[in-house]
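A.B. asks: no sequence for this one, just the structure:
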């Protein structure tokens, strides 16, 4: 996964992939590659959301002390 990838860039790429997959021009030979990349991006986004959630929880706990 690209180290320069941000959550916003990952979501934008996912939207592009979905549009390509929904297009009449999407062929079966491209489908596996799109699916693989989409899964990589989804995993990246999930991890990013988890880390962010943990950081927010720590901040909230610090405020409550």
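C.D. replies: That came through, no problem. What you are looking at is a predicted structure, and each value in this text was computed from that prediction instead of being measured. Numbers count the residues shown, from 1 in each chain.

A.B. asks: so where's the protein uncertain?
C.D. replies: 1-3 (pLDDT under 70).

A.B. asks: Output the longest helix belonging to it.
C.D. replies: Once the chain is assigned using DSSP state H, the helix that runs over the most residues is helix 28-63.

A.B. asks: And that helix, how far out from the chain middle?
C.D. replies: 5 Å (CA atoms, centre = their mean, to the nearest Å).

A.B. asks: just stretch 55-65 next, same as before
C.D. replies: Here stretch 55-65 is found 26 Å from its chain centre; the criterion is CA atoms, centre = their mean.

A.B. asks: Flag every buried residue along the longest helix of the chain.
C.D. replies: 38, 40, 41, 44 (16 or more other CB atoms under 10 Å). C-beta here means a position set from N, CA and C on the backbone, and glycine is covered the same way.

A.B. asks: Give the other helices and strands that that helix contacts.
C.D. replies: Packing partners of helix 28-63 (3 or more CB pairs under 8 Å, 6 or more residues apart in numbering; DSSP states H and E): helix 7-22.

A.B. asks: and the angle for the helix it packs on with helix 28-63?
C.D. replies: Relative orientation of helix 7-22 and helix 28-63, computed by axes from the mean of the first three to the mean of the last three CA atoms, to 10 degrees: 150 degrees.

A.B. asks: tell me what helix 7-22 is packed against?
C.D. replies: Judged by 3+ CB pairs under 8 Å, 6+ apart, the packing partners of helix 7-22 are helix 28-63.

A.B. asks: distance of residue 32 from residue 38?
C.D. replies: From residue 32 across to residue 38, the span is 11 Å (CB to CB, to the nearest Å).

A.B. asks: quick one: residue 55 from residue 61, how far?
C.D. replies: The gap separating residue 55 from residue 61 is 11 Å, by CB to CB.
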